[in-house]
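> Dropping the sequence and predicted coords here.
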Amino acid sequence: MENNRNAPGTFFIVFVAMCLILSSCNLSRTTPLPPGLTSTPIPSNTPALTSPALPTITFTPAVTINSTWTRPADGMTMVYVPEGIFSMGSTRKAYEQPVHNVYLDAYWIDRTEVTNAMYAQCEQAGACTWPGVFKSNTRSNYYKNSEYANYPVIYVNWKSAQAYCKWAGARLPTEAEWEKAARGTDGKHYPWGDSPPGKDLLNFNSNVGDTTAVGSYPSGASPYGALDMSGNVYEWVADWFSVTYYANSPSSNPQGPATGLYRVRRGGSWASEDNLVSSTYRLDSNPHVALNDIGFRCARSDVTPAPSVTPITTPTCPVCTTAVLTGRQTVCSAKCRAARARQQQDAIVRERNARVRLLLTATIASATEALAVLKTPD
């Protein structure tokens, strides 16, 4: 009889425990924990999403007529001359004849003449010898004077110019390359066109009486952006000189005569009269001579030197922890958002399971205690 009297109380306690357990399984509600109990996070086997290391994206710009490239060795800016045919020579002088079409592969050529500061780097590296003289026409201290660091180096012979270009990872331009870079493809007489030379276009005819800083005459730029192709200083090119070479030169990438006594210099100088600064004018010179109006610029044949591109950094996606690139914009992909949602749902499930276990443990403990009390004899 005593056991039967305790049965209703036992059933009531079990009923309450089952209700508590069932109510904790409702995912849409948050059930508070009994007093004195705290939720203990349970480790999950689901790996947390992390931002994967994305490869550095570099954009290689298309090489066009306006492309430039900075040479690492000396900081010289080179301009691009695309492949194609141009008209070489003129009818003005016998050694500029005949006018003929020449095909050249694409190449790069220095935007300006090599400067004192650039040449000094080669000298300090032990790859170049000092210029023959440190002065200029009107300046007693020129080469080593920082005031003229951006002026063209002078008093360098052909071999010194060749040595510099080799050190800089380039070479002297061929005569054909020099002329195309100066006049373009349509036979213009000067870099700027067919209008006569003027003081605003170039340094010539002793108007200044000495060299000027490279790039001082942007209005006189060639079709490819090369500066000072007329005036300032004559420029050594790679070719041997021959009066008759144009008559039998190759129509594709001519390299000049195989041998000779004199090398070619081009472009005129600060002392040249207007009839000596055209893009077709040729002058033969002893390769060992070094004068106060002769300098040079370099060229290179390869058309795709690695451009300097700033790496693109990928910011963390504001919604997800994984960033993806679509074109140039950073967006969260649908896959990323779905993964993030799954991670959040897993966290909810883990928290719910922890609550259920804690509630079940508490309920069983309470039921056991109640049963023990009921079984205690009066």
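Right, received. Where do you want to start?

> So what's the residue count around the nearest residue to Tyr245 once chain neighbours are set aside?
Here the nearest residue to Tyr245 in space, its sequence neighbours aside, is Pro257; by CB to CB, 6 or more residues apart in numbering that works out to 5.6 Å. To be clear about C-beta, it is placed using only N, CA and C from the backbone, and glycine gets the same treatment. Burial of Pro257, expressed as a neighbour count using other CB atoms under 10 Å, amounts to 15.

> ok, now Pro72?
Using other CB under 10 Å: Pro72 sits among 12 other residues.

> which residues sit in contact with the residue lying closest to it once chain neighbours are set aside?
Computed as CB to CB, 6+ apart, the closest residue to Pro72 that is not its neighbour in sequence is Gly169, at 7.4 Å. Gly169 makes contacts with Arg71, Pro72, Ala73, Arg300, as judged by CB atoms under 8 Å, 6 or more residues apart in numbering.

> secondary structure class for Gln345?
Put simply, Gln345 is helix when judged by DSSP: H, G, I helix; E, B strand; the rest coil.

> Okay, it and Tyr143: tell me how far apart.
Counting by CB to CB, to the nearest Å, the gap from Gln345 to Tyr143 is 75 Å.

> Now for Thr77: which residues touch it?
Residues near Thr77 by CB under 8 Å, 6+ apart: Thr68, Trp69, Thr70, Arg71, Asp110, Arg111, Thr112.

> Pull out the buried residues from the helix or strand encompassing the second one.
Using DSSP states H and E, the element containing Trp69 is strand 68-70. Of the residues in strand 68-70, those with enough neighbours to count as buried (16 or more other CB atoms under 10 Å) are Trp69.

> mind listing what that strand pairs with, with the direction of each?
Listed by DSSP bridges, the sheet partners of strand 68-70 and their directions read strand 77-81 (antiparallel).

> Dump the C-alpha coordinates for the strand it pairs with into CSV.
Backbone C-alpha positions of strand 77-81 (Å, rounded to 0.1, in the frame of the first residue of the first chain) are rendered in CSV as follows:
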residue,chain,number,x,y,z
THR,A,77,62.6,55.3,-69.2
MET,A,78,62.3,53.4,-72.6
VAL,A,79,59.6,54.0,-75.2
TYR,A,80,58.1,51.3,-77.4
VAL,A,81,58.4,51.3,-81.2
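
> burial count for Ile348?
Counted with other CB under 10 Å, residues neighbouring Ile348 total 10.

> just to confirm, which helix or strand has it in it?
When elements are defined using DSSP H and E, Ile348 is found to belong to helix 334-375.

> now swap in Cys165 and tell me
When elements are assigned from DSSP H and E, Cys165 belongs to helix 158-167.

> Output the contacting helices and strands for that helix.
Taking 3 or more CB pairs under 8 Å, 6 or more residues apart in numbering; DSSP states H and E as the contact definition, the neighbouring helices and strands of helix 158-167 are helix 116-124, strand 234-240, strand 294-296.

> Now do the strands for the protein: every range, in order, please.
In chain order, the chain shows strands spanning 68-70, 77-81, 84-88, 100-104, 107-110, 234-240, 263-266, 282-285, 294-296, 299-300, 324-326, 329-331, with DSSP state E as the criterion.

> For these, give me TSV that also has mean pLDDT.
As requested, the strands of the chain are arranged in TSV below (pLDDT from 0 to 100):
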stretch	mean pLDDT
strand 68-70	95
strand 77-81	97
strand 84-88	97
strand 100-104	97
strand 107-110	98
strand 234-240	98
strand 263-266	98
strand 282-285	97
strand 294-296	98
strand 299-300	98
strand 324-326	36
strand 329-331	38
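
> so which of those strands gets nearest Ala182?
Counting by CB to CB, Ala182 lies closest to strand 263-266 out of the strands of the chain; the figure is 7.6 Å.

> Run me through the strand neighbours of that closest one, direction for each.
Each strand that strand 263-266 pairs with, and the sense of that pairing, follows from DSSP bridges: strand 234-240 (antiparallel), strand 282-285 (antiparallel).

> count of residues packed around the closest residue to Val208 other than its chain neighbours?
Residue nearest to Val208 in three dimensions, not counting chain neighbours: Trp270, with 5.9 Å by CB to CB, 6+ apart. Taking other CB under 10 Å as the criterion, the count of residues near Trp270 is 24.

> Against Val102, how distant is Trp270?
For Trp270 relative to Val102 (CB to CB), the value is 29 Å.

> give me every residue that touches Tyr224.
Taking CB under 8 Å, 6+ apart as the definition of contact, the neighbours of Tyr224 are Ile65, Val79, Tyr80, Val81, Ile109, Ala181, Gly184.

> do Ala213 as well
By CB under 8 Å, 6+ apart, the contact set of Ala213 is Tyr148, Asn150, Tyr151.

> Who wins on neighbours among the residues you listed?
Of all those, the highest neighbour tally under other CB under 10 Å goes to Tyr151, namely 25 neighbours.

> Surely that residue touches Met118?
No - using CB atoms under 8 Å, Tyr151 is not in contact with Met118, being 10.8 Å away.

> In CSV: the strands paired with strand 263-266, plus distance to Pro223 and mean neighbour count.
Rendered in CSV, the data for these read as follows (distance: least, CB to CB, whole Å; neighbours: other CB atoms under 10 Å):
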stretch, distance to Pro223, mean neighbour count
strand 234-240, 18, 24
strand 282-285, 20, 18
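
> Tabulate those in a markdown table, adding columns for distance to Arg266.
What follows is the strands paired with strand 263-266, written out as a markdown table (distance: least, CB to CB, whole Å):
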| stretch | distance to Arg266 |
| --- | --- |
| strand 234-240 | 5 |
| strand 282-285 | 7 |
